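>>> here is a sequence with its predicted model. Questions after.
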Amino acid sequence: MNNDEKILEALNALQSHMSVISNKMDRLSDQITNVELHLENVTDKSIGLLMEQYYPNVEKLDDVINKVDEIQFDLGGIKRVVISHSKDINNLMKK
């Protein structure tokens, strides 16, 4: 086998490998496109639907937080009044 034949054989082997690599790249490109489409059409829409369902709960939580803050403020006032009244009662009982 002379050099020209060896070169042709190597070129044919290289061409065969390149064809295999090209096919794999095409399949990979198709898979990436499918993943992109799935993300856009399925996953993004599902996340959007979940967010729409939880949004009313978030609004309710905001209302509850405000009410808890009010209750804590009112409770602080009640505690101060009870302490004051307890002191007054104790002073009256000492007399």
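Looks like it arrived, so ask away.

>>> let me know the average pLDDT across the helix or strand encompassing residue 55.
Per DSSP states H and E, residue 55 falls inside helix 44-94. Per-residue pLDDT values over helix 44-94 give a mean of 91.

>>> chain center to it: distance?
Put simply, helix 44-94 sits 29 Å off its chain's centre (CA atoms, centre = their mean, to the nearest Å).

>>> equivalent analysis for stretch 10-17, please.
Centre to centre, stretch against its chain (CA atoms, centre = their mean), the figure for stretch 10-17 is 48 Å.

>>> what mean pLDDT would you report for it?
Mean predicted confidence for stretch 10-17 is 92.

>>> ditto for stretch 24-39
95.

>>> any idea how far the residue nearest the centre of the chain is from residue 67?
Nearest to the geometric centre of the chain sits residue 47, at 9.0 Å (CA atoms, centre = their mean). Residue 47 sits 30 Å away from residue 67, going by CB to CB, to the nearest Å. Glycine gets a C-beta too; all of them are placed from N, C-alpha and C.

>>> then residue 50?
Relative to residue 67, and taking CB to CB, residue 50 is found at 26 Å.

>>> how about residue 26?
Distance, residue 26 to residue 67, using CB to CB: 60 Å.

>>> what does residue 60 give?
According to CB to CB, residue 60 and residue 67 sit 10 Å apart.

>>> repeat for residue 84
On the measure of CB to CB, residue 84 and residue 67 end up 26 Å apart.

>>> which helices and strands does the helix holding residue 55 pack with?
Helices and strands touching helix 44-94, as assessed by 3 or more CB pairs under 8 Å, 6 or more residues apart in numbering; DSSP states H and E, are absent.
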